[in-house]
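Participant: how would this look folded up:
(one chain, ligands or ions: 2)
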Amino acid sequence: MKILFATPELAPWVKTGGLGEVAGSLPAALRALGLDVRVLVPAYPALLQNFPDAEEIAQPRGLGGLLPAPVLRQALAPDGTPLLLLDYPHYFNRPGSPYLGPEGRDWLDNHLRFGLLSRVAAWLGSEASTLAWQPDIVHCNDWQTGLAASYLHYLPGQRAKSLFTLHNLAFQGLFDHASLFELGLPDKAWRIEGVEYYGYLSFLKAGLQHADAINTVSQTYANEIQTDAEGMGMAGLLRHRAERLSGILNGIDTRIWNPAADHHLYRSYSARRLDGKDTNKAELQAQLGLAQREDLPLLGVVSRLTEQKGMDLLLEAAPQLLKLPAQLAVLGTGSHALEVAWAALARKHRGQCAVTLGFDEALAHRIEAGADIFVMPSRFEPCGLNQLYSLRYGTPPVVRATGGLADTVIDAADEKHGNGFVFGPATAEALLQALQRATKAWHDPGRWRKLQKQGMARDSSWAAAARQYVELYQRL
Ligand code: ADP
Ligand code: GLC
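Facilitator: Numbers count the residues shown, from 1 in each chain. Ligands and ions are numbered 1, 2, ... in the order given. From the prediction side, this is the model:
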């Protein structure tokens, strides 16, 4: 089976969150099962720098008269996955985030940039493609590639089937009506059964509407988004397509997220030899300017600083949390207001609360390893990867019962299977109660070891998910 995996992000080169991680690891897991998977991604500067020899394999034509025509280049990722780099410098040769300009606002031509990505994905799955390699399935990911399903839908002749994977319903890719023509979509696409969404064109809706199948990244999230309360305006459409909608829980890249062989750590450790974790804690405290206290639980956070992630709830609970007492290490970037508020909290509690504003891969690994407890109080969470990392790193997570968090974290009240702490209401009080339970358990070393080991024993590799994707492809 030949699969084109279309994505706007690809770890380790271009990543703003979980989608980049998934794109960087799921294709190799599928290839290990014998599928011929190739990844289509924009040729951002980081990719061109890493693959300077990527050779030209096609010039897709007839895509709205772009001059000069975009170029597809092929490269081979270190794990053996072929990459198709969509080289169109005018759209993609921009530094920094794949979505935001220097002022932190969306690029004004994002509809054209990701419209082109979608269009080339569809071109590769159509008779128009000049490549010998023809995918059976175009696997789209999030709004940035949602339009590929629509282009395929409106194409005449033979075409690949499409799968749309929803990593986050909150980002809907909304643009005004005029973009319909700029993107070369037919007039008939402008209706409720098409890409129109309350007077806007929605890339996300396009994917949900036209894909031959839809999946999201956990079963609980697949259920939640069909309710009006959590469907973000798409619940009706998702219910309508319920027979085509499934949930497949993400895996993680266990080669990169492995405490026994993680070059970012100060010392490696494993479930059998957990003592190396203490060294990581002490060094992390030193690196972040926290008091080197073994007797205080250190709570860690690696997160976008947004309301989705409940970072406002944790901010509200933080003064009480610090009084328990406990230490807090936060790494993240996000909304300006939350960044300012978190920085102020850290200034007020120097030595006890450290906040690093920025995107720092090494520090993310060190927090996963050096913290005693990981905190993830998300309001909604399609899957979430950080709780999976923290389970593997022997850092029991405190999470809200939502989406993928509910599907992966088992509350410590279940002595035999518990691996973390789960709370219900999205309030600072409920979060604080869970944090109190966690810190209390931490003070009981025997109990804590058991919890850590139960978490570390969880198999979060891609194996199970990859098999489910193969089944889904086969059904298509
Ligand atoms: P989301 O994609 O919604 O942000 P996930 O939990 O699926 O949430 O994935 C987030 C990914 O991004 C993880 O790999 C996490 O380690 C990483 N990450 C988030 N913020 C930062 C940061 N400030 N520095 C380094 N890595 C980060
Ligand atoms: C999104 C979601 C996150 C998920 C990730 C990868 O960014 O917010 O929960 O883990 O995609 O699927």
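
Participant: quick check, pLDDT for the nearest residue to Gln433 once chain neighbours are set aside.
Facilitator: Distances taken as Cβ to Cβ, 6 or more residues apart in numbering put Phe423 closest to Gln433, at 6.6 Å, once the chain neighbours are dropped. Yep, even glycine has a C-beta here, placed from its N, CA and C like the rest. Predicted confidence (pLDDT) for Phe423: 98.

Participant: residues contacting the residue in the chain positioned nearest to ligand 2?
Facilitator: When Cβ to the nearest ligand atom is the measure, the chain has its nearest residue to ligand 2 at Gly18, with 2.6 Å between them. Contacts for Gly18 (Cβ atoms under 8 Å, 6 or more residues apart in numbering) come out as 167, 217, 250, 382-385.

Participant: got it, and Ala128?
Facilitator: Applying Cβ under 8 Å, 6+ apart, we find Ala128 in contact with 60, 62.

Participant: and what about it, helix, strand or coil?
Facilitator: Three-state call for Ala128 (DSSP: H, G, I helix; E, B strand; the rest coil): coil.

Participant: same check, this time on Leu85
Facilitator: The three-state label for Leu85, taken from three-state DSSP, comes out as strand.

Participant: please name the bridge partners of it.
Facilitator: Applying DSSP bridges to Leu85 yields these beta-bridge partners: Val41, Arg73.

Participant: and it, how far from ligand 1?
Facilitator: When Cβ to the nearest ligand atom, to the nearest Å is applied, the distance between Leu85 and ligand 1 equals 22 Å.

Participant: residues near that residue, how many?
Facilitator: Neighbour count for Leu85, taken as other Cβ atoms under 10 Å: 24.

Participant: interface residues of the stretch 251-400 of the chain facing ligand 2?
Facilitator: Residues of the stretch 251-400 of the chain that fall close to ligand 2, judged by Cβ under 6 Å from any ligand atom: 381-385.

Participant: show me what stretch 129-141 is in contact with.
Facilitator: Outside stretch 129-141, the residues within contact range by Cβ under 8 Å, 6+ apart are 1-8, 19, 22-23, 36, 38, 57-60, 72, 118, 121-125, 146, 148-149, 152, 160-165, 167, 207, 211, 473, 476.

Participant: do stretch 469-476 as well
Facilitator: Outside stretch 469-476, the residues that touch it by Cβ under 8 Å, 6+ apart are 1, 3, 26, 30, 33, 35, 136-137, 139, 161, 163, 212-213, 215, 246, 248.

Participant: excluding sequence neighbours, find me the nearest residue to whatever residue of the stretch 151-300 of the chain ends up closest to ligand 1.
Facilitator: Across the stretch 151-300 of the chain, no residue is closer to ligand 1 than Asn168, which sits at 6.2 Å (Cβ to the nearest ligand atom). Nearest residue to Asn168 in three dimensions, chain neighbours excluded: Pro382, at 5.5 Å (Cβ to Cβ, 6+ apart).

Participant: how many residues are close by the one you found?
Facilitator: Neighbouring residues of Pro382 were enumerated by other Cβ under 10 Å; the total is 28.

Participant: now do the contacts for Leu451.
Facilitator: In this structure, Leu451 makes contact with 396, 412, 418-420, 441, judged by Cβ under 8 Å, 6+ apart.
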